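Asker: Curious how this folds, go ahead:
(chains A and B)
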Amino acid sequence: ELKVEQNPLFLSMQEGKNYTIYCNYSTTSDRLYWYRQDPGKSLESLFVLLSNGAVKQEGRLMASLDTKARLSTLHITAAVHDLSATYFCAVTESGGSNYKLTFGKGTLLTVNP
Amino acid sequence: NAGVMQNPRHLVRRRGQEARLRCSPMKGHSHVYWYRQLPEEGLKFMVYLQKENIIDESGMPKERFSAEFPKEGPSILRIQQVVRGDSAAYFCASSREALNTEAFFGQGTRLTVV
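Answerer: Residues are numbered from 1 along each chain as shown, chains lettered A, B, ... in the order given. All right, here's what the predicted structure looks like:
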């Protein structure tokens, strides 16, 4: 059974600081997603990572994937208040069931002025 | 091109009543997935449907829950005789293909059982 662990689950940081959220998964996967969720809203897809060594950046967020270590990171650079949200990583199974996403529990990020 | 549409956005039911949640996929998408999000948890897969077929219901509770995606009309997630533990956000996603493709999520239905 595919398991996904995120840490930390809660992250309070000051504006302007850097931090990293980690996502570990237990078995081989075809793709890894990072999502953002604001309270009471749906999931906004941030990044899709497909291959070992993949790195994607959008604004102050950068995601990377190490398939050998089964680890992805979401790095936040010079945080601003607008980044406050819950961030989820989600992983698909390999092969014929890769329509199915397994989510981590999420990281609640609060950026304080 | 409208996104995935779910309704209602909020639903309150008394214990023992039935809840019906609707999902209209994006235009051109014939694959629909339902996920449940319990408070302070990640989303958990429930069921995957194509038109008129249930492909994978491995995440559905064995009793009281059913899903359909008829030839015409939206996909429906039905919960009979709701209990407090059914209170959650239910998200629908759709995709154009099943494999190797991204699914897009709707805004969810927040079910509260009182």
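Asker: residue ranges with poor pLDDT in chain A?
Answerer: Within chain A, no stretch has pLDDT under 70.
Asker: residues from it in reach of chain B?
Answerer: Within chain A, the residues that sit near chain B (C-beta under 8 Å from any C-beta of the partner chain) are A:4, A:30-31, A:33, A:40-43, A:45, A:48, A:88, A:90, A:96-106. (Glycine included, C-beta is placed from N, CA and C.)
Asker: which among these end up buried?
Answerer: Neighbour-count burial (16 or more other C-beta atoms under 10 Å in any protein chain shown) is assigned, among the residues of chain A next to chain B, to A:4, A:30-31, A:33, A:42-43, A:88, A:90, A:97-106.
Asker: Centroid-nearest residue for chain B?
Answerer: B:Trp34 (3.7 Å; C-alpha atoms, centre = their mean).
Asker: any chance you could map the helices in chain A?
Answerer: For chain A, applying DSSP state H gives no helices.
Asker: Considering only it, name the residue that lies closest to chain B.
Answerer: Nearest to chain B, among the residues of chain A, is A:Phe103, at 3.2 Å (C-beta to the nearest C-beta).
Asker: list the contacts for that residue?
Answerer: A:4, A:88-90, B:42-44 (C-beta atoms under 8 Å, 6 or more residues apart in numbering or on different chains).
Asker: Can you lay out these as JSON lines showing distance to B:Pro74?
Answerer: Shown next, in JSON lines, are the contacts of A:Phe103 (distance: C-beta to C-beta, whole Å):
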{"residue": "A:Val4", "distance to B:Pro74": "29"}
{"residue": "A:Phe88", "distance to B:Pro74": "25"}
{"residue": "A:Cys89", "distance to B:Pro74": "29"}
{"residue": "A:Ala90", "distance to B:Pro74": "24"}
{"residue": "B:Gly42", "distance to B:Pro74": "25"}
{"residue": "B:Leu43", "distance to B:Pro74": "20"}
{"residue": "B:Lys44", "distance to B:Pro74": "22"}
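Asker: Those residues in strands, which ones?
Answerer: Using DSSP state E, the subset of the contacts of A:Phe103 located in strands is A:4, A:88-90, B:43-44.
Asker: Now do the contacts for whichever residue of chain B sits closest to chain A.
Answerer: Nearest residue of chain B to chain A (C-beta to the nearest C-beta) works out as B:Gly42 at 3.2 Å. By C-beta under 8 Å, 6+ apart, B:Gly42 lies in contact with A:4, A:88, A:90, A:103-106.
Asker: how about the strands in chain A?
Answerer: Under DSSP E, chain A gives strands at A:4-7, A:10-14, A:19-25, A:32-37, A:43-49, A:55-58, A:61-66, A:71-76, A:85-92, A:101-103, A:107-112.
Asker: follow-up on the earlier one: specify the beta-bridge partners of the residue nearest to the centre of chain B.
Answerer: Beta-bridge pairing for B:Trp34 (DSSP bridges): B:Val47, B:Cys92.
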